[in-house]
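> Give me coordinates for this.
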Amino acid sequence: MEGREEEQQKRDDSRFNQTLKNVQGFLKGRSIPGKVLLTRRPDPTPEPVSPTYHRSLSENDAVRNERSDNPVEVEDNNSSKKHDNTYAGKLRSNSSSGEQLAKQVQNLKIGGRSSDYARVMKFNKVLSETTVILEKLRELAWSGVPHYMRPDVWRLLLGYAPPNSDRREAVLRRKRLEYLESVGQFYDLPDSERSDDEINMLRQIAVDCPRTVPDVSFFQQAQVQKSLERILYTWAIRHPASGYVQGINDLVTPFLVIFLSEYLEGDVESWTMSDLSAAKVSDVEADCYWCLTKLLDGMQDHYTFAQPGIQRLVFKLKELVRRIDEPVARHMEEQGLEFLQFAFRWYNCLLIREIPFSLINRLWDTYLAEGDALPDFLVYIYASFLLTWSDELKKLDFQEMVMFLQHLPTQTWTDQELEMVLSRAYMWHSMFNNSPNHLAS
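Down below sits the predicted model:
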């Protein structure tokens, strides 16, 4: 028996080492047998081949699906009409012609995969169901969501909007009202009714809001910063275990842009919130608040005292990089560079400060599709991100590496570079997830 076990272990190690060599070869530009990378398609083609996304149901997903099968919700007595909240209903109300839909798809300014007509049809099919099957939606969203569908898709992926379309409008209306009441209870107060800690926290938020995404002028508008301030302060008061932590301000920005896109058209730089009514602004803020809450519920210890969750993931990142690209890991160690010195910000702000803001929404499609598994998958994304510059890093000394990692050359990145990072992350996750002992410390 022992001999058989040893032989099996040797075979497993041999397969693992071969896979590892293939991955290391990829870093040097060689192709990997049996793996297809997600790349941008310049011309309309049939749907490109990509890694088949598989994700097992998490405990929370199971609970959500169970709840969707047994809805218990307070009905809105003020509404006497049934609303068709499905995507099929929206499409019927907006257009009765398939040609108009095709034209809409062609005009989408998003990545090649997301704008593929066949993929849009798949999204429409999933979203038009009376009860959305979240696993199917996650599989589609992982590779990118069409821009105009993102508000609804993100609400569903985060569990803010229920999968059952018959309940969706009533739930959103109730949650938006709850947020409005919380703002009145906690934010719209004179400082004389706040504690010293609350006053200091509000002042810190007020300082951080103008620093949020400084490269995008939209976020420098006073009304935008006021909305951020209301969302962040209300969230912090209602989550005293962590309170406000610098970096959470960045996490609101993708939600704010996506939910405003339901009301504002054109480029983000041309938007102004003064074009919206107070009611619409409140609804947008509420959606941002609840989606931020759902996102951070899955990573609470990232923002509690000493942020132990982030420290744990930084350690895992260091170990993973050592397994994949030992020369880079050894060089960084020889130079005295600690992963915590650069990767802490990556985890704290989820890469929002590291890549162009125009790519953040595409990245967050994958984040949200991962659901409760996101924290662990971030390790693979960030390893892939770091090792994009494997050759460059090995030539730098300590000070040069610090400066390089603080100002990464991503300014000209497009969807293609981001898809490459996500493809490698998916590949490595598939490899190491099946061989957990190789990542044991």
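
> Quick check: which ranges of the stretch 301-441 of the chain have low pLDDT?
Where the stretch 301-441 of the chain drops to pLDDT under 70, the residues are 434-441.

> do that again at 90, thanks
431-441 (pLDDT under 90).

> which residues sit against stretch 342-358?
213, 215-216, 245-247, 250-251, 253-254, 302, 307, 310, 313-314, 317, 360, 363-364, 367, 378, 381-382, 385-386, 402, 405-406, 408, 410-411, 413, 418 (CB atoms under 8 Å, 6 or more residues apart in numbering). Heads up, the C-betas are built off the backbone N, CA and C, glycines and all.

> Could you work out the end-to-end span of it for me?
End-to-end span of stretch 342-358 (CA to CA, to the nearest Å): 22 Å.

> re the thing from before, which of the contacts of stretch 342-358 fall in helices?
The helices, defined by DSSP state H, take in 250-251, 253-254, 310, 313-314, 317, 360, 363-364, 367, 378, 381-382, 385-386, 402, 405-406, 418 from these.

> Any quick ChimeraX command for the buried ones out of those residues?
Those of the ones in helices among the contacts of stretch 342-358 that count as buried under 16 or more other CB atoms under 10 Å are selected in ChimeraX with:
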select :250,251,253,254,310,313,314,317,360,363,364,367,378,381,382,385,386,405,418
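
> The most centrally placed residue in the chain and residue 173, how far apart?
Geometric centre of the chain, nearest residue: residue 364, 2.7 Å, by CA atoms, centre = their mean. Separation of residue 364 from residue 173 (CB to CB, to the nearest Å) stands at 25 Å.

> repeat for residue 249
Residue 249 is 27 Å from residue 173, by CB to CB.

> Looking at these two, which one has more neighbours?
residue 249 (26 against 15; other CB atoms under 10 Å).

> wait, doesn't that one sit right on residue 209?
Yes: contact criterion CB atoms under 8 Å: residue 249 and residue 209 qualify, at 6.3 Å.

> Identify the contacts common to those two.
With CB under 8 Å, 6+ apart as the test, residue 249 and residue 209 both reach 228, 232.

> which residues sit in contact with the residue nearest to the centre of the chain?
Residue 364 touches 154, 254, 350, counting by CB under 8 Å, 6+ apart.

> now residue 397
residue 335.

> distance of residue 352 from residue 227?
Residue 352 is 17 Å from residue 227, by CB to CB.

> now residue 280
The value you get for residue 280 to residue 227, if CB to CB is used, is 11 Å.

> Looking at these two, which one has more neighbours?
Each of residue 280 and residue 227 has its neighbours counted (other CB under 10 Å); residue 227 has more, 21 against 16.

> Just the element for the more buried one, please.
Using DSSP states H and E, residue 227 sits in helix 222-238.

> List the buried residues of stretch 370-379.
For stretch 370-379, using 16+ other CB under 10 Å, the buried residues are 370-375, 377-379.

> Specify which member of those residues is nearest to residue 137.
Set against residue 137, the nearest of these by CB to CB is residue 371 (10.5 Å).

> In three-state terms, label that closest one for me.
helix (DSSP: H, G, I helix; E, B strand; the rest coil).

> ditto for residue 336
Residue 336 - assigned by three-state DSSP - is coil.

> count of residues packed around the residue nearest to it when sequence neighbours are not counted?
Using CB to CB, 6 or more residues apart in numbering and skipping the chain neighbours, the partner closest in space to residue 336 is residue 398 (5.5 Å). Around residue 398 sit 13 other residues, with neighbours defined as other CB under 10 Å.

> and residue 398, how far is that from residue 333?
From residue 398 to residue 333 the distance is 11 Å (CB to CB).

> try residue 388
20 Å.

> More neighbours: which of the two?
residue 388 (18 against 13).

> which ones are touching that one?
417, 420-421.

> which other helices and strands contact the helix holding residue 227?
For helix 222-238, the elements it packs on are helix 165-182, helix 196-208, helix 248-260, helix 278-297, judged by 3 or more CB pairs under 8 Å, 6 or more residues apart in numbering; DSSP states H and E.

> and the ones you listed, which is most packed in?
Sort the helices and strands packed on helix 222-238 by mean neighbour count, taking mean count of other CB atoms under 10 Å, and helix 248-260 sits at the top with a mean of 23.

> angle of that helix against helix 278-297?
Relative orientation of helix 248-260 versus helix 278-297 (axes from the mean of the first three to the mean of the last three CA atoms, to 10 degrees): 130 degrees.

> one step back: CSV please, covering the contacts of residue 364 and showing distance to residue 343.
Compiled in CSV, those are given as follows (distance: CB to CB, whole Å):
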residue, distance to residue 343
154, 26
254, 20
350, 12
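
> What distance do you get for residue 202 to residue 191?
8 Å.

> Same check on residue 157?
38 Å.

> next one: residue 349
29 Å.

> The two - which one has more neighbours?
Neighbour tally, residue 349 and residue 191, criterion other CB under 10 Å: the higher count belongs to residue 349, 17 against 11.

> how many other residues sit next to residue 133?
13.

> For it, give me its contacts.
Counting by CB under 8 Å, 6+ apart, residue 133 touches 126, 163.

> Let's verify residue 323: helix, strand, or coil?
Assignment for residue 323 (three-state DSSP): helix.

> my guess is it contacts residue 432, does it?
Yes: assessed by CB under 8 Å, residue 323 is found in contact with residue 432 at 7.4 Å.

> These two: who's more crowded?
More neighbours surround residue 432 than the other of residue 323 and residue 432, with 23 against 19 (other CB under 10 Å).

> Tell me the spacing between that one and residue 325.
13 Å.

> and if you look at residue 136?
In terms of CB to CB, residue 136 sits 35 Å off from residue 325.

> Residue 347 now?
20 Å.

> The two: which has the busier surroundings?
For residue 347 and residue 325, the more surrounded residue by other CB under 10 Å is residue 347, and the numbers stand at 24 against 20.

> what about that one, helix or strand, and which?
Under the criterion of DSSP H and E, residue 347 resides in helix 340-349.

> and the direction of that helix versus that of helix 248-260, what angle?
Going by the same axes, to 10 degrees, helix 340-349 makes 40 degrees with helix 248-260.
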